[in-house]
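Visitor: for reference, the sequence and a predicted model appear below.
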Amino acid sequence: MQNLDFYCVQNMFKILLYIFVGGGAGSVCRFLMQNLCSKINIAFPFGTLVVNILGGLIIGFLTAVLTKNAGSEGWRFLTIVGFCGGFTTFSAFSLEGFKMLHDGQVAQFLLYAALSVALCLIFVWAGHALGARFTT
């Protein structure tokens, strides 16, 4: 019984390590992408929008590829849970939306929310369709 407990703890540690490494990489990539997008001088959270769209494409692709391949559990934790969790920024989206509403920018908020939801869903679909082509 002790060996089973050790195996479970060891396996959990490995999973957490995958998530930790992937999440760190995703967070750094989000920072770099938002920094790059900030060079476009517009009064709109363009960087967050771009990150969420790319995140949708990436998570759709990875889900299609990794859910069909046996033995890809480590990659799934590293990339989907870790990287995409660190890269995408729904909490930042929510805060920026709140600030727009708080500042009375209702039209800008509605445009931002509609674009974020619609484009992210479209890009998840596109990433999944693209990833499915790699598994057939």
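Guide: Received it, and whenever you're ready, just let me know what you need.

Visitor: show me where this structure dips below the pLDDT cut-off.
Guide: Low-confidence regions of the chain, defined by pLDDT under 70, span residues 1-4, 6-7, 70, 136.

Visitor: wait, residue 113 sits on residue 96?
Guide: No - judged on Cβ atoms under 8 Å, residue 113 makes no contact with residue 96 at a distance of 10.0 Å. From N, CA and C alone the C-beta is placed, and that goes for glycine too.

Visitor: who's more crowded, these two?
Guide: Higher neighbour count among residue 113 and residue 96: residue 96, with 20 against 16, using other Cβ atoms under 10 Å.

Visitor: now do the same contact list for the more buried one.
Guide: Shown in contact with residue 96 (Cβ atoms under 8 Å, 6 or more residues apart in numbering): 45, 48, 112.

Visitor: following element in sequence after the helix or strand hosting it, please.
Guide: Taking DSSP states H and E as the definition, residue 96 sits inside helix 90-102. Remark: after helix 90-102, the chain's next helix or strand is helix 106-134, criterion DSSP H and E.
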